[in-house]
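Novice: from the sequence below, what's the structure:
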Amino acid sequence: MLDSKTPVFMAWGPDLSFLYNDAYLTILGQKHPAALGRPFQEVWPEVWADVAPIVSKTLAGEPVYYENFPFTINRQGEGEQAWFNFSYVPVEGLDGQIAGLYCALTETTAQVLAEKTRQAESHRLYSLFEQAPSFMAVLREPGHVYELANTAYLQLVGRSKNLIGKPFRDVLHKIQSQDYLALLDRVYATGQPFIGKRMALMVPRQADGQPEQRYVDFIFQPITGADGVVNGVFIEGSDVTDHARAIDELRESRRIALETAQHLDALLQAAPVGIALADTEGRLLRTNAASRLLWGIDPLDKNVREYAQWKGWWAEDSDRPGRRLEPHEWAMPRTFQGQELSRDTVEIEPFNEPGVHRTILNCGAPVRSSDAKIIGSVVAQMDITDLVKTQAALRGTVARYHTIANAIPQMVWATLANGHHVYFNQQWYEYTGVAQGATDGEGWKALFHPEEREVAAKKWRHSLASGEPYEVEYRLRHHSGEYRWTLGRALPVRDSEGTIVRWMGTCTDIHEQKLAQEALQQADRLKDEFLAMLAHELRNPLAPIATAAELLSMGTLDKEGVWKLSEVISRQARHMTRLIDDLLDVSRVTRGQITLDKKPVDLKSVIAEAVEQVKPLAETKGHHLEIEQRGEHSLVLGDRLRLVQVLANVLNNAIKYTPNGGHIAVRMAEDKNQLTLSVQDNGIGMSRKLMGLAFELFTQGERTSDRAQGGLGIGLALVRSLIQLHGGTASLESGGLNQGSKLTMMLPRLVLDDQQPGRPDGGDAPAKPARDSLRIMVVDDNIDAARLLGLFVELLGHEVFVEFHPASAIECARKVMPHLCLLDIGLPDMDGYSLARQLRLIPGMKTAVLAAVTGYSQPKDKQAAFAAGFNFHFAKPIDTRHLASWLRDVGSQTASQGKLELAKV
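Specialist: Modelled structure (predicted):
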């Protein structure tokens with residue numbers, strides 16, 4: 001039995017004295033030869049606690065067999081972990097009684113370690129599969145039953161629980177007109193993949209929710225077994241409804257997964273172990289059966305020296321194929337230098353397999369004589385060719401993983417289970433500008449904005465403690481020094497037992513989205529404030545108008561009282577008109593629809609007219625107005641009315657926001673190319689924050705009880721826009737709250753030469769009093785508006801006919817032949833445009849003057865009125881002074897020419 005090539009030993013007699021064969025020497029190590037004849041327990045004291053129960057059981061007559069049993073043994077003077085397959089059988093003496101035991105064993109340490117490596121790699125791959133951003137699933141046949149499905153796939157189909165073991169038909173069925181099951185059947189039957197691009201998919205996003213339409217890119221990839229037969233389908237794809245995944249990244253991820261799976265398959269192949277004995281010259285003396293697998297043939301079948309010479313290992317004159325193996329490449333000679341254990345790898349060419357190369361791991365130990373002289377060596381040989389290739393492939397996989405991480409736009413990072421950062425991709429270093437490795441460990445915290453640093457750290461500690469996904473928004477320092485808003489996310493990577501082994505995270509720059517969101521919130525706030533201000537400003541003039549109307553209805557006022565109330569109503573109506581006009585002006589300016597009537601304008605006359613407009617309000621508040629005009633050349637090319645509107649607006653603001661008895665200065669200065677016009681007050685001033693927003697729409701200071709001066713916050717926005725349309729600039733200065741303000745406007749100066757026609761626009765000529773009475777028809781479906789307008793025109797000395805419906809208006813026109821018609825546009829049954837056309841068809845009405853009186857006052861509304869045959873356009877509420885002047889002009893033309901020839905304005 002001891003002649004076996006398999007390691008065996010016997011424990012015999014009352015002391016279980018130890019006997020063993022040569023093959024067992026590699027297990028004994030330095031315990032040989034002292035172990036011969038010694039009691040079992042003294043030979044292996046370090047494992048006796050594990051072996052004693054087995055020995056007792058065997059000596060009781062019961063054979064024992066174990067596979068991959070772990071031991072900690074001292075072969076070379078140090079404890080090492082080893083695994084063995086062994087069998088213990090009882091051995092009977094001559095008297096038929098059990099006198100000892102026999103044990104045959106094979107060391108399986110290499111196979112166990114290889115299996116552990118394979119399991120670890122398998123788990124790593126599954127973690128990658130589970131955390132992949134694309135959805136993945138594996139179906140096995142028959143019946144398309146789920147074998148694997150990652151989290152992204154479960155989210156896609158609206159499932160919170162696993163699908164493993166369930167048939168596909170119970171989860172999904174239709175992709176619009178495509179039968180999903182039929183597609184799977186075709187892939188299974190033909191072995192050809194199916195690729196879908198942006199295909200509609202009706203799935204519930206929640207387990208109990210209604211199906212919703214999503215769009216996915218996906219592939220059905222057949223899975224074939226070793227026999228080439230399709231035995232499953234691999235599903236992989238991306239939900240491109242919310243965001244598109246880069247196709248090349250998905251393909252690369254899939255390729256890596258498949259390639260890594262092939263590497264894993266290679267690791268599943270256990271490397272055989274061979275045992276060889278050699279003499280002091282390194283020549284083989286004996287090999288075990290496993291060596292045959294390594295070398296291709298048992299060298300003992302031939303002369304050992306001939307075999308060695310055939311390989312060309314040490315024969316200097318060998319003409320055989322094969323590379324000479326130098327002594328420094330072979331493990332055995334090292335043992336002859338007194339080393340107790342040597343390890344090395346060599347590349348061999350197996351016998352009868354020319355051109356085939358294998359990588360062998362050699363572990364050698366010397367064999368000593370009784371006088372400690374080395375007489376040979378024993379070498380354990382293991383074919384690690386596949387392992388070496390697999391390790392090289394795995395290194396390539398890691399390199400490709402880093403390449404992918406550096407290729408994606410996000411910053412990618414990884415930590416250990418305790419949160420210690422160990423990896424950042426290239427995007428992180430390019431974004432932050434820090435040196436490689438500077439943010440490993442806890443160094444990353446220094447890049448966070450101080451205001452978010454503790455919040456982010458607290459959430460990170462919570463995720464580390466709970467295992468929950470990490471997500472937080474914070475400002476991260478960019479390499480430019482700017483702090484930019486960033487979205488940080490991380491997920492845990494777990495092993496097969498659910499223990500977190502590391503964290504994988506990303507950082508995404510969301511700075512522009514964050515600023516856009518804040519801008520939208522600010523715009524929404526300004527809108528709400530504007531609506532509140534608009535309601536307030538419109539109610540203010542309505543209150544005195546309503547009160548005056550009530551007082552007039554009582555009929556108890558004398559003529560002077562009626563005149564005072566009329567002035568109140570007229571003044572408040574003009575105020576409301578200005579509010580509405582300002583809103584319309586802002587709308588037209590911001591849309592680029594305003595047209596300036598540019599002419600040479602004397603800026604001094606603009607100052608005079610604007611001051612005249614605001615003078616009553618200034619006198620009411622007791623302000624002192626100072627006018628300073630330096631220079632003789634004060635011409636600009638501009639729209640006089642708009643420039644007066646701008647200056648009056650600025651002066652109104654200065655008057656309203658300066659406490660009673662204040663000082664307001666209007667100054668004009670000139671230089672070679674421009675005129676500078678400024679308005680300075682000693683009022684409430686502005687904060688630095690408000691100054692930065694003052695020219696924006698709907699911006700006002702805080703509205704408090706001592707600053708309830710009205711306004712919609714559009715005045716300065718309109719001022720700047722109109723000045724810019726004139727080629728100028730507007731700027732604002734203030735020393736702070738209660739330090740007064742100064743608004744400066746600069747306009748290009750106009751120099752007139754003798755060749756330029758025209759004169760400076762000094763304003764409209766005063767209206768002349770009416771001299772002749774007209775027949776005027778007023779048409780408006782608003783009875784109160786029609787009667788009041790008719791009453792006003794009648795008080796001007798004209799004959800008035802009031803109608804409320806287009807049909808009655810046409811009938812009236814046929815009867816009285818009016819010289820002039822004031823027509824509303826929004827009439828029932830027939831709008832004002834159609835009514836104007838109908839009136840023109842009445843004999844004798846072609847030369848009548850038609851004026852539109854309407855709330856529609858946009859440029860397009862005026863154009864529509866002129867196209868329908870109107871001669872003039874009034875916007876509601878109508879300026880009665882303007883109407884009276886216009887009626888006098890019409891009467892004058894009627895009397896002097898006998899007909900009406902008015903230009904369309």
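Novice: after the one helix or strand I776 maps to, heading C-terminal, what element do we hit next?
Specialist: In the assignment (DSSP states H and E), I776 maps to strand 775-779. Counting by DSSP H and E, the element after strand 775-779 in chain order, helix or strand, is helix 783-795.
Novice: identify the residues contacting that next one?
Specialist: 776, 778-780, 800-804, 822, 824, 853, 878, 880, 883, 887 (Cβ atoms under 8 Å, 6 or more residues apart in numbering). Using the backbone N, CA and C atoms, a C-beta is placed for each residue, glycine as well.
Novice: next one: that helix to chain centre, how far?
Specialist: Offset of helix 783-795 from its chain centre (Cα atoms, centre = their mean, to the nearest Å): 63 Å.
Novice: list the contacts of the strand holding I776.
Specialist: Residues outside strand 775-779 that contact it (Cβ under 8 Å, 6+ apart) are 786, 789-790, 793, 798-804, 806, 809, 812-813, 816-824, 827, 832, 835, 887.
Novice: quick one: buried ones out of those?
Specialist: 786, 789-790, 793, 798, 800-804, 806, 809, 812-813, 818-824, 827, 832, 835, 887 (16 or more other Cβ atoms under 10 Å).
Novice: so for this protein, the centremost residue is which one?
Specialist: The centre of the chain sits closest to I510, judged by Cα atoms, centre = their mean, with a distance of 5.7 Å.
Novice: what's the separation between that one and W886?
Specialist: Distance, I510 to W886, by Cβ to Cβ, to the nearest Å: 60 Å.
Novice: again with S892
Specialist: Plainly put, S892 is 11 Å away from W886 if you go by Cβ to Cβ.
Novice: which of these two has more neighbours?
Specialist: Applying other Cβ atoms under 10 Å to S892 and W886 shows that W886 carries more neighbours, namely 20 against 15.
Novice: for that one, which non-adjacent residue is closest in space?
Specialist: Closest residue in space to W886, ignoring its immediate chain neighbours: F872 at 7.0 Å, by Cβ to Cβ, 6 or more residues apart in numbering.
Novice: from what I see, that neighbour and T854 are in contact.
Specialist: No: the criterion here is Cβ atoms under 8 Å, and F872 misses it with T854 at 11.5 Å.
Novice: and for the two, which residues touch both?
Specialist: By Cβ under 8 Å, 6+ apart, no residue touches both F872 and T854.
Novice: identify the residues contacting the closest residue to E107 other than its chain neighbours.
Specialist: Nearest non-adjacent residue to E107, counting by Cβ to Cβ, 6+ apart: F84, 5.4 Å away. By Cβ under 8 Å, 6+ apart, F84 lies in contact with 66, 68-69, 71, 105-109.
Novice: which of the residues you listed sit farthest apart?
Specialist: Farthest-apart pair in those is Y66 and T109; separation 14.3 Å (Cβ to Cβ).
Novice: neighbour-wise, which of the two wins?
Specialist: For Y66 and T109, the more surrounded residue by other Cβ under 10 Å is T109, and the numbers stand at 18 against 14.
Novice: correct me, but the more buried one touches T72?
Specialist: No: T109 is beyond contact range of T72, at 11.7 Å (criterion: Cβ under 8 Å).
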